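K.L.:
no sequence on this one, just coordinates:
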């Protein structure tokens, strides 16, 4: 009978963890650090990764980590969860996630996010069983690690650490997204005040074949600039949830940006609305019914804009 042990990561585990990713994904995994044992150890020594491994009969057959952009960040991401095919069916990924959510409290995190792949339902089911609330879609987010796939769309989930809440600002939502936002308001609560903004008013970077734009607010001049961006660009836009957001949602829709939900703001205690343009409209089967309805709307918007 197989004996499974969950334990903290050790620096001597780096080659085995790297080999685990290569055994499952070949060279297709989008995070290059997993192929360099020295970078796996550096991320741990810098306090960005906090990993657990699963040993089955003395061999590392599972891995998951809490990723933090800095050692002081109150928001972590449950990430890099992999289980060797030989060890599947033993609930290892869920057990790793449960232990890391407990560990997040010890790290003084207030919330944890998860990026759930949509190529298969397993990550989505696991996230739901752990208590994550799915809140946003990232269409065509990155190159797919799965053979035969071009790009992978992602469902984002959020988990409030016990004793902490990240409430949404109370806003008057349009009818077409009212059901989703009512569900998320019930999950996370609401507040009359938006969280203070941190960082530049506009931030732009190119990553994994997409253009990421983060905005504090939208004005007419900025809207015109966004409208003029090349239509072939895959643009992932994040806009602060605050008073005036519903009006901005309508303006962005008029220039082809589909509303795809919300995500926590990594720089503050607030939230960001998600908008996308330039993605390939696709048919996905999602575990969360709220995300399924959102995905169906996003596909229709993409088809109309491309048409």
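P.N.:
Perfect, thanks for sending it. Fair warning: this is a prediction, and the values are worked out from it, not measured in the lab. Residues are numbered from 1 along each chain as shown.
K.L.:
which residues in the stretch 1-150 of the chain form strands?
P.N.:
For the stretch 1-150 of the chain, the strands defined by DSSP state E, counting those that start in this stretch cover 4-8, 49-56, 59-67, 75-83, 111-117, 133-143.
K.L.:
dump those strands to TSV, plus mean neighbour count and mean pLDDT.
P.N.:
The C-beta positions use only the backbone N, C-alpha and C, and glycine is treated the same way. Below are these laid out as TSV (neighbours: other C-beta atoms under 10 Å; pLDDT from 0 to 100):
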stretch	mean neighbour count	mean pLDDT
strand 4-8	13	96
strand 49-56	20	97
strand 59-67	22	97
strand 75-83	22	97
strand 111-117	22	97
strand 133-143	23	96
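K.L.:
now render those as a markdown table, adding distance to residue 101.
P.N.:
Formatted as a markdown table, the strands of the stretch 1-150 of the chain follow (distance: least, C-beta to C-beta, whole Å):
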| stretch | distance to residue 101 |
| --- | --- |
| strand 4-8 | 13 |
| strand 49-56 | 11 |
| strand 59-67 | 9 |
| strand 75-83 | 7 |
| strand 111-117 | 6 |
| strand 133-143 | 13 |
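K.L.:
so which of these is nearest residue 167?
P.N.:
Closest to residue 167 of the strands of the stretch 1-150 of the chain is strand 111-117 (C-beta to C-beta; 11.5 Å).
K.L.:
what sits against the closest residue in space to residue 52 that isn't next to it in sequence?
P.N.:
Distances taken as C-beta to C-beta, 6 or more residues apart in numbering place residue 96 nearest to residue 52, at 5.3 Å, with adjacent residues excluded. By C-beta atoms under 8 Å, 6 or more residues apart in numbering, the contact list for residue 96 reads 6, 52, 54, 62, 63, 64, 81.
K.L.:
so in terms of bridging, what pairs with residue 65?
P.N.:
Note on residue 65: beta-bridge partners residue 51, residue 79, judged by DSSP bridges.
K.L.:
how much space separates it from residue 75?
P.N.:
For residue 65, the distance to residue 75 (C-beta to C-beta, to the nearest Å) stands at 14 Å.
K.L.:
buried residues, stretch 247-260. List them.
P.N.:
By neighbour count on 16 or more other C-beta atoms under 10 Å, the buried set for stretch 247-260 is 248, 249, 251, 252, 253, 256, 257, 258, 259, 260.
K.L.:
can you redo those residues as CSV with pLDDT, distance to residue 41 and secondary structure?
P.N.:
Below are the buried residues of stretch 247-260 laid out as CSV (pLDDT from 0 to 100; distance: C-beta to C-beta, whole Å; DSSP: H, G, I helix; E, B strand; the rest coil):
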residue, pLDDT, distance to residue 41, secondary structure
248, 97, 43, helix
249, 96, 44, helix
251, 97, 47, helix
252, 97, 42, helix
253, 96, 46, helix
256, 95, 44, coil
257, 97, 41, coil
258, 97, 40, strand
259, 98, 41, strand
260, 98, 36, strand
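K.L.:
quick check, pLDDT for residue 148.
P.N.:
Predicted confidence (pLDDT) for residue 148: 73.
K.L.:
and it, how far is that from residue 84?
P.N.:
21 Å.
K.L.:
and the gap between the residue nearest to residue 52 and residue 259?
P.N.:
Separation of residue 96 from residue 259 (C-beta to C-beta) stands at 33 Å.
K.L.:
now swap in residue 7 and tell me
P.N.:
43 Å.
K.L.:
and the helices in this structure?
P.N.:
14-25, 37-45, 92-106, 122-130, 175-188, 220-227, 245-254, 289-306 (DSSP state H).
K.L.:
quick one: residue 131 and residue 161 touch, right?
P.N.:
No. When contacts are counted by C-beta atoms under 8 Å, residue 131 is not listed as touching residue 161 (10.5 Å).
K.L.:
quick check: neighbours shared by the two?
P.N.:
Shared contacts of residue 131 and residue 161, defined by C-beta under 8 Å, 6+ apart, comprise residue 101.
K.L.:
which residue of those two possesses the greater neighbour count?
P.N.:
Comparing residue 131 with residue 161 by other C-beta atoms under 10 Å, the one with more neighbours is residue 161, at 20 against 14.
K.L.:
check contacts around that one.
P.N.:
101, 104, 105, 109, 110, 111, 112.
K.L.:
need the helices of the chain in a markdown table with distance to residue 235, can you?
P.N.:
Formatted as a markdown table, the helices of the chain follow (distance: least, C-beta to C-beta, whole Å):
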| stretch | distance to residue 235 |
| --- | --- |
| helix 14-25 | 27 |
| helix 37-45 | 29 |
| helix 92-106 | 31 |
| helix 122-130 | 25 |
| helix 175-188 | 19 |
| helix 220-227 | 8 |
| helix 245-254 | 10 |
| helix 289-306 | 12 |
